[in-house]
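Q: Predicted model follows, preceded by the sequence.
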Amino acid sequence: MERRRDRDFEAADAIRDQLRAGGWDVVDSANGSELQAIKAPPSADPKAPPRDVTLLAVVHGWQADAERWLLSVFTHCKADFEAVVVDNSQDPRIAGWLKNRAAERLRVITLDPPLGFGAAVNAGIEAASGQVVILFDPGVELNGDAIAPLLDALSDPTVAVAGPFGLRGRGTLKEFDSSPGPDVDAIEGYCLAFRRADALAAGGFDTRFRFYRMADVEFSFRLRAGGGRAVALAGLPLVKHEHRLWESTEPGEDS
């Protein structure tokens, strides 16, 4: 590992422990270090312990993206967290991959048959054990601790929803432009943080949204219905890779 080459053994061992908690083992060889998945043991207790935050992703396919997201959150998140993956793909290859993951802090919810986007997200919110839920698109990759600033933002009771990608209406609330904030009208669902209790009180995502488009905006508005703020946090250490659902959806299909 890079930190071991720099002789920062304490930091390297901490990362090893965190990756092991996420279901990877770091195996050293003459050619360097590589990650290997640990086979999942049978679960004896399906009840998840309470956590400070649930990192939630709904997977519709594209296993490599989901693996990249999962590895990045287990590498960089410093909070007391769990990762919840909602498998909405109906893909046996993804089901097999997730079945063979082993992690104290990873839970998988399989939807069969698949549900619409709003209902799939709600399945994750309802199952979450974290006081705060951060919804991610699997195309997002953390390259630093982006979680702590989001939790800090939500420690302010006036903030209802937070994330790095804010939107402001163009004079009306029908068309939106990106905004660096801090105060915005809504937060995009690439990375969207909120209190689980608030989400449940608001009824979760509207299940009429079979596709993701505008579901995040509508949800932001309902979270803010009591007067709460939407806050955009610019400069969080994460990368937004290709949005697969957008790229794979035929024009007009998500309207």
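A: Structure received. On a predicted model such as this, the values are computed, not experimentally measured, just so you know.

Q: Residue 182: what's its closest spatial neighbour, skipping adjacent residues?
A: residue 231 (5.2 Å; Cβ to Cβ, 6 or more residues apart in numbering). Every C-beta, even on glycine, is put in place using the N, C-alpha and C of the backbone.

Q: Correct me if wrong: the one you found contacts residue 185.
A: No. Assessed by Cβ atoms under 8 Å, residue 231 is found out of contact with residue 185, at 11.2 Å.

Q: In terms of pLDDT, where does residue 244 sit?
A: Listed pLDDT for residue 244 reads 69.

Q: One more: residue 25?
A: So residue 25 comes in at 63 (pLDDT).

Q: What segments of the stretch 51-200 of the chain are helices?
A: With DSSP state H, counting those that start in this stretch as the criterion, the stretch 51-200 of the chain has helices at 63-76, 92-99, 117-127, 147-154, 196-201.

Q: Turn the ones you listed into CSV, columns for mean pLDDT and distance to residue 215.
A: Compiled in CSV, the helices of the stretch 51-200 of the chain are given as follows (pLDDT from 0 to 100; distance: least, Cβ to Cβ, whole Å):
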stretch, mean pLDDT, distance to residue 215
helix 63-76, 96, 19
helix 92-99, 92, 22
helix 117-127, 95, 5
helix 147-154, 99, 19
helix 196-201, 98, 13
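
Q: Indicate which one of those helices is closest to residue 239.
A: helix 63-76 (8.7 Å; Cβ to Cβ).

Q: All the strands of the stretch 101-250 of the chain, residue numbers only.
A: Secondary structure of the stretch 101-250 of the chain (DSSP state E, counting those that start in this stretch): strands at 106-110, 130-136, 140-142, 159-163, 166-169, 176-179, 183-184, 186-187, 191-195, 229-232, 238-240.

Q: Tell me which of the ones you listed sits most buried.
A: strand 186-187 (a mean of 28; mean count of other Cβ atoms under 10 Å).

Q: which residues are contacting that one?
A: Contact with strand 186-187 is made by 161-163, 165-167, 176, 193, 216-217, 220-221, 230, 232, as judged by Cβ atoms under 8 Å, 6 or more residues apart in numbering.

Q: Recalculate using a threshold of 10 Å.
A: 135, 160-169, 173, 176, 179, 181, 192-194, 214, 216-221, 223-224, 230-233 (Cβ atoms under 10 Å, 6 or more residues apart in numbering).

Q: one step back: and the helices of the stretch 51-200 of the chain: which comes nearest residue 105?
A: helix 63-76 (7.5 Å).

Q: Which positions within the closest one qualify as buried?
A: 63, 65-76 (16 or more other Cβ atoms under 10 Å).

Q: Return the closest of those residues with respect to residue 139.
A: Out of the buried residues of helix 63-76, the member with the shortest distance to residue 139 (by Cβ to Cβ) is residue 65, at 5.5 Å.
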